[in-house]
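A.B. asks: Next input, structure requested:
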Amino acid sequence: MRIEKLRKRLAEKNLSGLLVTNKINRRYLCGFTGSNGLLLVTENAQRLFVDGRYTQQAQQQTTGVEICEIPVDGNLLASLRPFIKGLVLGFEAETIDYQTFIGLQSLIIEEGGHFVATENMVEGLRMIKAVEEIQAIRQAAKIADQTLELILPMIRSGMSELELANEIDYRSKKLGSQGPAFETIVASGVRTSLPHAHASQKKIEANELIMIDFGAIYQGYYSDITRTFAFGNVAEEIQITYQELLRAQKQAIQAVALGRALGDIDQVARQALEQKNLAQYFSHNLGHGLGLSCHEYPSLAPKEKLLIEKNMSFTIEPGVYLSKAGFGIRIEDDIIVNEKGHAEILTQFNKEWMTIDCK
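C.D. replies: Have a look, this model is predicted:
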């Protein structure tokens, strides 16, 4: 089904086929999870080119795909040559590496064909999730929720941000995650004003903010959640700012509707923050797609014109970062666009203002 949808898109672009070099797209289309290989999809065939390290794995993970093993003394270009004569082939311009591009371009020209850049050819298919994909994302979100339930009681004064991040990774794996969705973010105190702070050796202290941003992976599908909370007593300004950010996030979630541009959803949150003079501190897009990778197409960017469709999955994560005031706040949830065209929130962990006992 996925291959047929891709072939329809190729025909619309007058392409004979697509050379898939992105490993996540390769997995999506044929099931192969190996780190190295090239998938050639044409009108009548699918061929997966791998070296001997991956032949058995490819045979086990794929169906309806011809496995072409590259000999030890051979190379990809020589193996590919018999199958591309005269073809107009698309390539994944956003992810192909330069050396691969140069080699393939020369080969295709030699064989009387053309090499054509494509954008989001497979990502546009991945954007709409099947039932089993939604189930996997839902479970990944549940693991993230459960991890936070376990972690918060463990936080104590004097532990480092890195120590807490490592506990998050460990606990989420014990709960069924295949690994961290990305480098787990733990920031405390003034470091919360860094939008993507790396967990550091800084000690967590009483009476300061803590921001935690992490995700789980289940059956290859990702979740991504951010929560910010007080560890003891913090300034009233922080609590007020938190409530305004939460209000903006909730308004953005409520604004999700079929046929509405993703950029409109970003603007809903941005305009809500502007009313409180906070929009100037919101320095990133409202969210990103979620699926076989943690940050995938599309983005909820201010000028994104792509329209919302049923079974899209993405994050909604406004944040404000006030470096002069010495704090930042981000609140992030994963959502799926349900049958009615509304946003169903998958990450259920409490996001109302929360104070953790620092004693």
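
A.B. asks: quick one: contacts of stretch 295-305?
C.D. replies: Outside of stretch 295-305, the residues within contact range by Cβ atoms under 8 Å, 6 or more residues apart in numbering are 24, 120, 123-124, 126-127, 182, 261-263, 265-267, 270, 285-290, 306, 314-316. Bear in mind the C-beta positions are built from the backbone N, C-alpha and C, glycine included.

A.B. asks: Return the distance of that stretch from the chain's centre.
C.D. replies: Mean C-alpha position of stretch 295-305 versus that of the full chain (Cα atoms, centre = their mean, to the nearest Å) differs by 12 Å.

A.B. asks: distance between the ends of it?
C.D. replies: Distance between the boundary residues of stretch 295-305 (Cα to Cα, to the nearest Å) amounts to 18 Å.

A.B. asks: Just the buried residues of that stretch, please?
C.D. replies: In terms of neighbour count (16 or more other Cβ atoms under 10 Å), stretch 295-305 has its buried residues at 295-301, 304.

A.B. asks: likewise stretch 171-182?
C.D. replies: For stretch 171-182, burial by neighbour count (16+ other Cβ under 10 Å) applies to 171-173, 175-178, 180-182.

A.B. asks: what residues does that stretch touch?
C.D. replies: The contact list for stretch 171-182 (Cβ under 8 Å, 6+ apart) reads 139-140, 143-144, 146-147, 150-151, 168-169, 214-220, 222-224, 294-295.

A.B. asks: Go through those residues and flag which are in strands.
C.D. replies: Counting by DSSP state E, the part of the contacts of stretch 171-182 found in strands is 214, 217-218, 222.

A.B. asks: Top of those by number of neighbours, please.
C.D. replies: Within the ones in strands among the contacts of stretch 171-182, most neighbours by other Cβ atoms under 10 Å means residue 222, with 28 neighbours.

A.B. asks: Nearest residue to it in space, ignoring adjacent ones along the chain?
C.D. replies: Distance criterion Cβ to Cβ, 6 or more residues apart in numbering; nearest residue to residue 222, sequence neighbours excluded, is residue 294 at 4.3 Å.

A.B. asks: I figured the one you found hits residue 213, correct?
C.D. replies: No - at 10.8 Å, residue 294 does not count as touching residue 213 under the criterion of Cβ atoms under 8 Å.
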